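Student: have a look; sequence and predicted model below, questions after that.
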Amino acid sequence: QVQLVESGGGLVQAGGSLRLACAASGFYFSDYAMGWFRQAPGKEREFVAALSWSSDSTTYADSVKGRFTISRDNAKNTVYLQMSSLKPEDTAVYYCAASRSGGRYSVPRAESLYVNWGQGTQVTVSP
């Protein structure tokens, strides 16, 4: 059974940091590019960051570039999102997802390229 389980969300003040984790099971994690998306209240889900299966490539949304870092530990079947200098506009439910699309440098940004999704974890940034 394919599962992606996010953790690490919570309430933090603006300027603070959080590290999200996403534990994967039920598929060969090392073969998949991994991504993080988020959905704020009343808005559509949007791309945040992606990391190739090889860890050779990353890509970030402009809104988080320089503040967020995506990484993975294939031995633990886990992908992380380190978030720093958080802003109230980062408040959202954060989802991790797995993609089988592309080669070793592939970092998909489109939701349609992701086949497995977690249930999400809430991140709230207070002013």
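Tutor: Yep, that arrived.
Student: in the protein, which spans are strands?
Tutor: For the chain, the strands defined by DSSP state E occupy 3-7, 10-13, 18-25, 33-39, 46-51, 58-60, 68-73, 78-83, 92-99, 116-117, 121-126.
Student: can I assume residue 30 is in contact with residue 51?
Tutor: No: counting by CB atoms under 8 Å, residue 30 sits too far from residue 51 to count as a contact (12.0 Å). C-betas here are computed from N, CA, C, even on glycine.
Student: the two: who's more crowded?
Tutor: A direct count of neighbours by other CB atoms under 10 Å for residue 30 and residue 51 places residue 51 higher, at 23 against 13.
Student: so the more buried one bridges to which residues?
Tutor: Beta bridges link residue 51 to residue 34, residue 58 when assigned by DSSP bridges.
Student: so it versus residue 19, what's the distance?
Tutor: Per CB to CB, to the nearest Å, residue 51 is found 15 Å from residue 19.
Student: same question, residue 108
Tutor: Separation of residue 108 from residue 19 (CB to CB) stands at 23 Å.
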